[in-house]
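>>> coords please:
(chains A and B)
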Amino acid sequence: MNDMRILIIEDDREAAAYLVKAFRESGHLCDHAADGLDGYARAQDGNYDVLIVDRMLPKMDGLSLIGGLREQKIETPVLILSALGQVDDRVKGLRAGGDDYLAKPYAFSELLARVEVLARRRGGAGGEPTAYRVADLELDRLSHTLSRGGKDIPLQPREFRLLEYLMKHAGRVVTRTMLLENVWDYHFDPQTNVIDVHVSRLRGKIDKGSAAPLLHTIRGAGYMIRDSAR
Amino acid sequence: MTALGKLLRTTAFKLSLAFLVLFAIGAGLLLGRVGNNVRGLIDEQAAQTIDAEITGLSEQYRQGGIRRLVDAVERRAGRPGASLYLVTTFAGERLAGNVAQLPAGVLNTPGAVETAYQHVGEQIAASRALARIFALPGGFRLLVGRDLGEREILARVLIRALLTSLFWLTILGTAGGLFVARRVLRRVDAMTASAQTIMSGDLAQRLPLAGSNDELDRLAQNLNAMLDRIGELMRGLREVSDNIAHDLRTPLTRLRNGAEEALRANASPQDARAALEKALEESDGLIRVFNALLLIARAEAGASRETMSDFDVAAAARDVAELYEPIAEEQATTLTLDVDDGLYVHGHRELIAQALSNLLDNALKYGRPASGGPCAVRFAARKVGGCVEIEISDRGPGVASDDRARVLDRFVRLEGARSAPGSGLGLSLVNAVAHLHQGSLRLEDNAPGLRVILALRAAAPPAAIAPPQTQLVAAT
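Residues are numbered from 1 along each chain as shown, chains lettered A, B, ... in the order given. As a prediction, the model looks like this:
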């Protein structure tokens, strides 16, 4: 999905300028508000696909801003950026109405991947489909079965959830931390690259002997499942 | 504040004063009561004596009329003593007796009376007497009485005693109060002085003890213990900051070198790019170390209690084992899982899961047998007494007993581990998590290998899904 409209509410001008530039280079429309009140006023039109909100803002802090928007039934997805990266702060941010939380410092690729996932959530409000399909790979969420080219592939429950998450966001980059958070429900950083091993095992099952691999590693960012023929 | 003002304001002095007033009131009440009783006793005795005299005199009157009575009164009045007699005519003229004068009208009312009188041979009517007056036939009046001088003397003695004792009580009480106040004040001043020295930076100083083991001493002891603990924490903090300075300088230097390398005038675009990628990697490593340090600090400070809940550590253990299972397989390590069901603890699910993942990560990284034999890691959890014990053991080289306490410190990495990736913070975090949950972390010899046991206090399983037997046990 291209052409997302993103509003960045961040008081550090240098950081904001970098983000605006980076998002525009990625093909998105991006505005910047330098304090809480300005950000609140702009976010009220509801024309944005995603809001990126710093927690500590002058004039109105990030969490109050989100609370105010939610009270007015403005459900634009919000990603909270914060220098407070501890588990408890994260919980507080999500409770206040945020949809995702990213601690500073972060990699831009991580932010981009998360923002794209959030923006998509807004578009597809019609509930989750019962099956995902990428090229000849078919995943049935009801019967918990997977097949490629009509051939059944048995998966462990966790592998199934991993693939389900990847296929739900097919065509988009999914980072390792996103996988750890959404498939395992952990928010810490395992010292070893355990996620890579899980993904490569999954790849072994779905792409083995195939001329057209579907599960791709995006260097410096994460993974993506996509139909490479298209 | 002047020295005296300070002294007078002490609690000890104020207490002494309060007691002084209480004692004075007590002494006054006691003496007043004694005086009153003795006075009653004297009055009663006087009345009895008077009655006896009256009996004797009425006998005389009955036998010989007024003449005999006057004779008897004359005789008795001549004797020394406190008895008083008076016989008068109807006109109030004295016939016999030792009473010279009475206030007007006293003789007109028969019965008992207390009155002033003038003794024969005295100049003024200064004495007091208790008397009974009788009207005799023919208008004669008879007065039989008793001088009350003894009573007056007694009252004077008692009042003097009261005043004297109050005087000494005040002197002694004030002096005692000042003495005690000065003693206490001196000790409190000494403690204050020490506290000020400590506040100004001399943390080795301690509050003085008098050795009497009284309440001030106990207070000082506790404050000293508190200072010891603070000192310990400060030392720990200093150590940590030293370690951080040391361990972060190296990657920071590499980061800086990378940026310099990329900026070098004759660097090719490829070289510059490679150098920048290296710098990015270094900064990611630094961020990871910072996050781990912050997390340890948070756990040690006892924060994040609000997000604690009762959860099944067995499920968390299985999850973590499942997370690492492919890595074990890749390394050809046998990962044996021996986890009992339903091990509930009250805690921070995320932190405990991270602690378990750190332990498993360590076992997989460093648990290779030196001999090159097959790798085996055992991951077990069970309930032991009131604790849930999670045990992770490997068959690697283990940790020498001298190093076991040391490896829990931040940034400590043993010789053999230096080449492997890692920050030396993994076990520190596990230790901090154990402390946060009032649990413990033990490192033991697995002969060969290392066995790490994380013990957490067990919580009651949620009632809804607990089997009946467990409910019974929980209820008793």
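
>>> so where's the chain uncertain?
You didn't say which chain, so I picked chain A. Low-confidence segments of chain A, defined by pLDDT under 70: A:1-2, A:46, A:85-87, A:122-127, A:191, A:229-230.

>>> hmm, I had chain B in mind actually
For chain B (pLDDT under 70), the answer is B:1, B:125, B:302-306, B:414-422, B:463-476.

>>> just the strands in it please.
With DSSP state E as the criterion, chain B has strands at B:83-88, B:94-97, B:99-101, B:111-119, B:127-135, B:141-147, B:309-312, B:333-339, B:344-347, B:375-384, B:387-393, B:440-445, B:450-457.

>>> what angle sits between the longest one and strand B:387-393?
Which is strand B:375-384. In terms of direction (axes from the mean of the first three to the mean of the last three CA atoms, to 10 degrees), strand B:375-384 departs from strand B:387-393 by 170 degrees.

>>> near chain A at all, strand B:375-384?
No: contact of strand B:375-384 with chain A (CB under 8 Å from any CB of the partner chain) is absent, the minimum separation being 13.4 Å. The C-beta positions use only the backbone N, C-alpha and C, and glycine is treated the same way.

>>> packing partners of that strand?
On a contact count with 3 or more CB pairs under 8 Å, 6 or more residues apart in numbering or on different chains; DSSP states H and E, strand B:375-384 meets helix B:313-330, strand B:333-339, helix B:349-366, strand B:387-393.

>>> any idea how far that strand is from the middle of the chain?
Distance of strand B:375-384 from the chain centroid (CA atoms, centre = their mean, to the nearest Å) equals 46 Å.

>>> list the buried ones in that strand?
For strand B:375-384, a neighbour-count test (16 or more other CB atoms under 10 Å in any protein chain shown) marks B:375-381 as buried.

>>> tell me how the chain divides into domains.
Here I'm looking at chain A. Domain segmentation of chain A under automatic domain parsing yields A:5-123, A:131-225.

>>> switch to chain B, that's the one I care about
B:3-153, B:215-300, B:306-475.

>>> right, and residue B:407 touches residue B:452 too?
No: shown here, residue B:407 and residue B:452 do not form a contact pair, counting by CB atoms under 8 Å, at 10.1 Å.

>>> which of the two has more neighbours?
Taking other CB atoms under 10 Å in any protein chain shown, residue B:407 and residue B:452 do not tie; residue B:452 has more neighbours (23 against 20).

>>> which residues does the more buried one contact?
B:359, B:362-363, B:391-393, B:430, B:441-444 (CB atoms under 8 Å, 6 or more residues apart in numbering or on different chains).

>>> filter the residues you listed by proximity to chain A?
Of these, not one also sits near chain A (CB under 8 Å from any CB).

>>> list the contacts for the closest residue to residue A:195 other than its chain neighbours?
Spatially, and ignoring its direct neighbours in sequence, residue A:195 is nearest to residue A:176 (4.4 Å; CB to CB, 6 or more residues apart in numbering or on different chains). With contacts defined as CB under 8 Å, 6+ apart, residue A:176 is in contact with A:193, A:195-196, A:222-223.

>>> just the buried ones from these, in ChimeraX syntax?
Applying 16+ other CB under 10 Å to the contacts of residue A:176, the buried members can be selected in ChimeraX as follows:
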select /A:195,196,222,223
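
>>> what about the residue of the stretch 101-250 of chain B found nearest chain A, how many neighbours?
Relative to chain A, the nearest point of the stretch 101-250 of chain B is residue B:248 (14.7 Å; CB to the nearest CB). For residue B:248, the neighbour count with other CB under 10 Å is 15.

>>> what's the answer for residue B:235, then?
11.

>>> now it: how far from residue B:203?
According to CB to CB, to the nearest Å, residue B:235 stands 10 Å off from residue B:203.

>>> please, where are all the strands along chain A?
A:5-9, A:29-33, A:50-54, A:78-82, A:100-103, A:131-134, A:137-140, A:145-148, A:151-152, A:174-175, A:215-218, A:222-225.

>>> which residues touch the fourth one?
For strand A:78-82, the surrounding residues in contact (CB under 8 Å, 6+ apart) are A:10, A:50-56, A:62-63, A:66, A:69, A:89, A:93, A:97-104, A:106, A:111, A:114-115, A:118.

>>> equivalent analysis for stretch B:228-238, please.
In contact with stretch B:228-238 (CB under 8 Å, 6+ apart) are residues B:203-204.

>>> in it, what's buried?
So for stretch B:228-238, nothing qualifies as buried (16+ other CB under 10 Å).

>>> give me every residue in the stretch 351-476 of chain B lying close to chain A.
So the stretch 351-476 of chain B meets chain A at B:351, B:353-354, B:357-358, B:361, B:364-365, B:421-423, B:426 (CB under 8 Å from any CB).

>>> can you name the two of the residues you listed that are farthest apart?
Farthest-apart pair in these is B:351 and B:421; separation 22.4 Å (CB to CB).

>>> the two: who's more crowded?
residue B:351 (23 against 9).

>>> what is the neighbour count of the nearest residue to that one once chain neighbours are set aside?
Computed as CB to CB, 6+ apart, the closest residue to residue B:351 that is not its neighbour in sequence is residue B:433, at 5.0 Å. Residues lying near residue B:433 (other CB under 10 Å) number 27.

>>> residue contacts, residue B:433?
B:299, B:348, B:351-352, B:354-355.

>>> gap between it and residue B:359?
Following CB to CB, the distance that separates residue B:433 from residue B:359 is 10 Å.

>>> what does residue A:34 give?
45 Å.

>>> what residues are up against residue 155?
With no chain named, the answer covers chain A. A:146, A:163, A:202, A:205.

>>> correction: the question concerned chain B.
Counting by CB under 8 Å, 6+ apart, residue B:155 makes contact with B:35, B:39.

>>> what residues does chain A have near chain B?
So far as CB under 8 Å from any CB goes, chain A lies against chain B at A:85-88, A:91, A:103, A:105, A:107, A:158, A:184, A:186-192, A:194, A:197-198, A:201.

>>> go through the residues you listed and flag which are in helices.
A:87-88, A:91, A:158, A:194, A:197-198, A:201 (DSSP state H).

>>> turn those residues into JSON lines, including neighbour count and distance to residue A:30.
Below are those laid out as JSON lines (neighbours: other CB atoms under 10 Å in any protein chain shown; distance: CB to CB, whole Å):
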{"residue": "A:87", "neighbour count": "19", "distance to residue A:30": "30"}
{"residue": "A:88", "neighbour count": "16", "distance to residue A:30": "31"}
{"residue": "A:91", "neighbour count": "16", "distance to residue A:30": "29"}
{"residue": "A:158", "neighbour count": "17", "distance to residue A:30": "36"}
{"residue": "A:194", "neighbour count": "22", "distance to residue A:30": "34"}
{"residue": "A:197", "neighbour count": "19", "distance to residue A:30": "36"}
{"residue": "A:198", "neighbour count": "25", "distance to residue A:30": "34"}
{"residue": "A:201", "neighbour count": "16", "distance to residue A:30": "38"}
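
>>> closest one of those residues to residue B:437?
residue A:87 (14.4 Å).

>>> was I right to think residue A:163 contacts residue A:139?
Yes: at 6.2 Å, residue A:163 counts as touching residue A:139 under the criterion of CB under 8 Å.

>>> which non-adjacent residue is nearest the closest residue to chain A within the stretch 351-476 of chain B?
Ranked by CB to the nearest CB, the top residue of the stretch 351-476 of chain B for proximity to chain A is residue B:354, at 4.2 Å. Residue nearest to residue B:354 in three dimensions, not counting chain neighbours: residue A:188, with 4.2 Å by CB to CB, 6+ apart.
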